[in-house]
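In: Below are the sequence and a predicted model; questions follow.
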Amino acid sequence: MQVTLIGLGGGTGETLGAEGRRALEQAELVLGAERLLENLPEIENQKRAAATKSAELFALLTKSDAKRPCVVFSGDTGFYSGASGLLALLREAEIPCRVLPGLSSVQLLAARLGEPWQDWTLCSAHGTPCDPVAALMAGRPAFFLTGGKTTPASLCREIKDAGLRALRVAVGEKLACPDERVSTMTAAECAELCFAPLSVLLVEAAPRPFERSGGIPDDAFLRGEVPMTKQEVRAAILAKLAVRPEDTVWDIGAGTGSASVELALAARRGRAYAVEYRDEALALIEENRSRFGAWNLRVVRGKAPEALSSLPAPDAVFVGGSEGRLREIVDAALSKNPDARLCVSAIALETLSAALDIFNSHGLDAELTQIAVSRARPDARLHLLLANNPVFLVTACREENR
């Protein structure tokens, strides 16, 4: 037995390659999804059976006496296809097999639009978790396979809510079918529409107006009258929290959003949440998010700890303002993730003492750092040092997560 895995492209037969067509004509047995089998031309004395799960396909193949069976898949066998699961089973059983790819929906949409797809970020939102905003943070157009509850509209609602409502998108419905349709519009427009179940989405690259390492200069942020975490302190917070690209990060008492923006840019494939209740500060966070292209930053209106209940479990938490409720905030964070990395900034000695006591009550060994920054100010021919308020950073996490 030699098993041939064939990608049918759009599934209509029009996107099937010549080599795949010959293999199907010679096959004694053809397996695949019922929808795909119905679109294949009838061949005399050829057996067919509907199955989609790798284990089911493998069982049918091993029970068969066919010498040249074929298994058909929609799209391309190498692009988020069920072919990979079956291949693993066949190789483990040392059953000879070969793969004949079909035209993927990526290729079909690119062809319809007359664009190359070599620089697109390729994502699947079909049966797998997908964060469209994180995908767009790469600064390249992003292509999404959709399916089930995840539709072009639901993805575009997330994109719109991130502040990217004006991005241009293209939706391909039923590609390679007689009633295919390709539409272009903004993300905000797409969020309000309905599309066929067999649809794909392409979103243009999100703007990336600002790229640099941590510790963005203070005067690059919009500030108003809201207190702001200074550059040197922000750089230290990033180092203490050791934010990774896939992390989920909370910034509590976000103020202008200067720390929120830096945390979001560090967690570029994850999410950052800025929790704040003051109207002026909330407006500044929104503006600074757009200013630095921190599209994965979500602004959460409300006071902690109540506003934290709906947030996903954090990997890292920065508390810049607690309004006297530091213990409840730390309790809320650790209840969602006992292994979260925590950093509390304190100017008042009372806050410092409270942070040490709270971390100790959770069995965490706190690390205490004082940052005292002075900046030079020109005065005639001299430069005089002006000291900023010293800031204490109290950080803690489980030993294995340091």
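Out: Looks like it came in fine. Residues are numbered from 1 along each chain as shown.

In: Who are the contact partners of the closest residue to Glu232 other than its chain neighbours?
Out: Excluding its sequence neighbours, the residue lying closest to Glu232 (CB to CB, 6 or more residues apart in numbering) is Val373, at 4.8 Å. The C-beta positions use only the backbone N, C-alpha and C, and glycine is treated the same way. By CB atoms under 8 Å, 6 or more residues apart in numbering, the contact set of Val373 is Lys230, Glu232, Val233, Ala387, Asn388.

In: if we go to 10 Å?
Out: Lys230, Gln231, Glu232, Val233, Ala236, Leu385, Leu386, Ala387, Asn388, Asn389, Pro390, Val391 (CB atoms under 10 Å, 6 or more residues apart in numbering).

In: three-state assignment of Glu232?
Out: Using DSSP: H, G, I helix; E, B strand; the rest coil, the secondary structure recorded for Glu232 is helix.

In: Looking at per-residue confidence, what score does it get?
Out: Here, the pLDDT recorded for Glu232 equals 92.

In: quick one: it and Ser258, what's the gap?
Out: Going from Glu232 to Ser258 by CB to CB, to the nearest Å gives 12 Å.

In: Give me the common contacts of the two.
Out: Asp218.

In: Which residue of those two possesses the greater neighbour count?
Out: With neighbours defined as other CB atoms under 10 Å, Glu232 and Ser258 compare such that Ser258 has more, 29 against 16.

In: Quick one: the helices in this structure, in order.
Out: Remark: helices assigned in the chain by DSSP state H are 18-26, 34-38, 54-63, 83-92, 105-113, 132-136, 152-161, 187-190, 231-241, 258-266, 279-292, 326-336, 349-361.

In: Flag the shaky bits of the stretch 251-400 of the chain, pLDDT-wise.
Out: The stretch 251-400 of the chain contains residues with pLDDT under 70 at 399-400.

In: The same query, at a cut-off of 90, please.
Out: Counting by pLDDT under 90, the stretch 251-400 of the chain contains low-confidence residues at 324, 365, 372-390, 397-400.

In: most neighbours, which of the contacts of Val373?
Out: When neighbours are taken as other CB under 10 Å, the top entry among the contacts of Val373 is Ala236 (22 neighbours).

In: Wait, that one touches Ile371, no?
Out: Yes - between Ala236 and Ile371 there is a contact under CB atoms under 10 Å: 5.8 Å.

In: How is the chain partitioned into domains?
Out: Domain assignment of the chain by automatic domain parsing yields the ranges 3-103, 106-203, 218-401.

In: okay if I get the ones you listed as JSON lines plus distance to Arg212?
Out: Compiled in JSON lines, these are given as follows (distance: least, CB to CB, whole Å):
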{"stretch": "domain 3-103", "distance to Arg212": "34"}
{"stretch": "domain 106-203", "distance to Arg212": "14"}
{"stretch": "domain 218-401", "distance to Arg212": "9"}
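
In: For Pro209, which of those is the nearest?
Out: Of all those, domain 218-401 sits nearest to Pro209, with 5.1 Å by CB to CB.

In: quick one: that closest one to chain centroid distance?
Out: 22 Å (CA atoms, centre = their mean, to the nearest Å).

In: Could you do stretch 131-140 as well?
Out: Stretch 131-140 sits 7 Å away from the centroid of its parent chain (CA atoms, centre = their mean).

In: Check stretch 204-218 too.
Out: 18 Å.

In: mind listing what's buried in it?
Out: For stretch 204-218, the buried set under the neighbour-count rule, 16 or more other CB atoms under 10 Å, comprises Glu204, Ala205, Ala206, Arg208, Gly214, Gly215, Ile216, Asp218.

In: check contacts around Thr256.
Out: 218, 221-229, 274, 276, 280-281, 283-285, 287-288.

In: Could I have the PyMOL command that selects the buried members from those residues?
Out: In PyMOL syntax, the buried subset of these is picked out as below (16+ other CB under 10 Å):
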select buried, resi 218+221+222+226+228+229+274+276+281+283+284+285+287+288
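
In: beta partners of Arg301?
Out: Arg301 has these beta-bridge partners by DSSP bridges: Glu276.

In: Isn't it up against Val275?
Out: Yes - using CB under 10 Å, Arg301 makes contact with Val275 at a distance of 8.4 Å.

In: who's more crowded, those two?
Out: Shown here are Arg301 and Val275; by other CB under 10 Å, Val275 has more neighbours (27 against 13).

In: need the contact list for the nearest residue to Arg375 once chain neighbours are set aside.
Out: Nearest residue to Arg375, sequence neighbours excluded (CB to CB, 6+ apart): Leu386, at 5.8 Å. Contact analysis of Leu386 by CB under 10 Å, 6+ apart lists Val373, Ser374, Arg375, Ala376, Arg377.

In: Which of the residues you listed fall within strands?
Out: Within the contacts of Leu386, membership in strands is found for Ser374, Arg375, Ala376, Arg377, as judged by DSSP state E.

In: residues contacting Leu8?
Out: Counting by CB under 10 Å, 6+ apart, Leu8 touches 14-17, 20, 24, 32-33, 36, 39-40, 72-77, 100, 102-103, 176.

In: Could you rerun that using 7 Å?
Out: By CB atoms under 7 Å, 6 or more residues apart in numbering, the contact list for Leu8 reads Thr15, Leu16, Leu36, Val72, Phe73, Ser74, Gly102.

In: Kindly report the same for Leu145.
Out: Contacts of Leu145 (CB under 7 Å, 6+ apart): Tyr80, Ser105, Ser124, Ala125, His126, Val200.

In: Quickly note the distance from it to Gly78.
Out: 13 Å.

In: just Glu350 next, same as before
Out: Using CB to CB, Glu350 is found at 60 Å from Gly78.

In: Which one's more surrounded, those two?
Out: Looking at Glu350 and Gly78 with other CB under 10 Å, you find the greater number of neighbours at Gly78, namely 13 against 10.
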